[in-house]
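Undergrad: Need coordinates for the following:
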Amino acid sequence: MPLLEGKGVTKYFGGLAALKDVDFEIEEGEIVGLIGPNGSGKTTLLNCISGVLVPTSGRIYFLGQDITGLKPHKICKLGMGRTFQIPRPFMNMTVLENTMVCTDGDRERALEAVRHVNLEEKINVLAKTLTFHERRRLEIARALAVNPKIILLDEVAAGLNPKEIVEFTGLIRKIRDELGITILWVEHVMKAIMTTAERIIVLNKGTKITEGTPKEVAENPEVIEAYLGEEYKID
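TA: Numbering: from 1, shown residues only. Reported below is the predicted structural model:
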């Protein structure tokens, strides 16, 4: 049984179909990338999975339970963490306080999450003084603090320099390898996602056009035409 599964997930905004009959399966322990052009439905799919949006039709299952239409806090309590494209910590709270918000005040669990993202030296620092890279790490710590079985990442490599991207992809592998947490990752930074994910799902205009290994996806003519372009090459 997949850890996370979608069957025929469709989402309309008025007469516009943001997602059309999308099927997917995420197995426990995978790092799965979700890519596609702007407006292809990637974040909409994450929002449907995490309860921010309710699909117009189709079903979503997590741990074998139908979670379609559940509120985000209920899905979170089942074991699903989430980050967002723009980090929005509580700026006048410390790193530790920000993380404790996600642990119902459990200081030790918050400290453990902060250590996993290498922010332990900043635990008493206000979030507003953190660099953008550090705020990204704080987002991950907050997601880890809910004791997740899966984390949904939304463009966490955006805005990072090459050195920071390498550090961040290493962190994502560490979270999977050492903590056993499954990752579903929306990303536009191809170097990051193609060198980290084991499987890639590609959306275009709200539909899933293919999925496969990074190499298979990078060589797929439909993906090249819709998104990557002829100049993209994978090592």
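Undergrad: Can you report phi and psi for the spatially most central residue of the chain?
TA: Taking CA atoms, centre = their mean, the centroid of the chain lies closest to Leu153, which sits 1.7 Å from it. Dihedral pair for Leu153: phi -110, psi 130, per degrees, to the nearest 10.
Undergrad: Identify the residue spatially nearest to it, adjacent ones excluded.
TA: Trp185 (4.2 Å; CB to CB, 6 or more residues apart in numbering). All C-beta atoms are positioned from the backbone trio N, CA, C, and that covers glycine.
Undergrad: Name whatever forms a beta bridge with the one you found.
TA: Per DSSP bridges, the residues bridged to Trp185 are Gly33, Leu153.
Undergrad: got a list of what it touches?
TA: Ile31, Val32, Gly33, Leu34, Leu152, Leu153, Val156, Ile172, Ile193, Thr196, Ala197 (CB atoms under 8 Å, 6 or more residues apart in numbering).
Undergrad: what's the answer for Lys205, then?
TA: Lys205 touches Lys20, Gly39, Ser40, Gly41, counting by CB under 8 Å, 6+ apart.
Undergrad: Buried ones among the residues you listed?
TA: Lys20, Ser40, Gly41 (16 or more other CB atoms under 10 Å).
Undergrad: Tell me if I'm right that the last one and Phe24 touch.
TA: No - no contact is recorded between Gly41 and Phe24 when judged using CB atoms under 8 Å, the distance being 11.6 Å.
Undergrad: picking up where we left off before, adding secondary structure and pLDDT, write the contacts of Lys205 out as JSON lines.
TA: Listed next are those as JSON lines, based on DSSP: H, G, I helix; E, B strand; the rest coil; pLDDT from 0 to 100:
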{"residue": "Lys20", "secondary structure": "strand", "pLDDT": "98"}
{"residue": "Gly39", "secondary structure": "coil", "pLDDT": "92"}
{"residue": "Ser40", "secondary structure": "coil", "pLDDT": "95"}
{"residue": "Gly41", "secondary structure": "coil", "pLDDT": "96"}
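Undergrad: And the furthest pair within these?
TA: Lys20 and Gly39 (13.0 Å; CB to CB).
Undergrad: how would you label the residue nearest to Gln65 when sequence neighbours are not counted: helix, strand or coil?
TA: Excluding the flanking residues, the one nearest Gln65 by CB to CB, 6+ apart is Leu78, at 7.1 Å. Classification of Leu78 by DSSP: H, G, I helix; E, B strand; the rest coil places it in helix.
Undergrad: 25 is where my numbering starts, stick with that
TA: Yep, numbering from 25; the last one is Leu102 now.
Undergrad: tell me the contacts of Leu102?
TA: Phe86, Leu87, Gln89, Ile91.
Undergrad: okay, those residues in TSV with distance to Tyr251 and neighbour count next?
TA: Formatted as TSV, the contacts of Leu102 follow (distance: CB to CB, whole Å; neighbours: other CB atoms under 10 Å):
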residue	distance to Tyr251	neighbour count
Phe86	28	23
Leu87	31	16
Gln89	33	11
Ile91	29	20
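Undergrad: So what's the residue count around His97?
TA: 9 (other CB atoms under 10 Å).
Undergrad: how about the helix or strand hosting it: buried residues?
TA: Assigned by DSSP states H and E, His97 falls within helix 96-103. Along helix 96-103, these residues count as buried under the neighbour rule (16+ other CB under 10 Å): Ile99, Cys100, Gly103.
Undergrad: wait, which of these is closest to Thr34?
TA: Using CB to CB, the buried residues of helix 96-103 come closest to Thr34 at Ile99, 19.0 Å.
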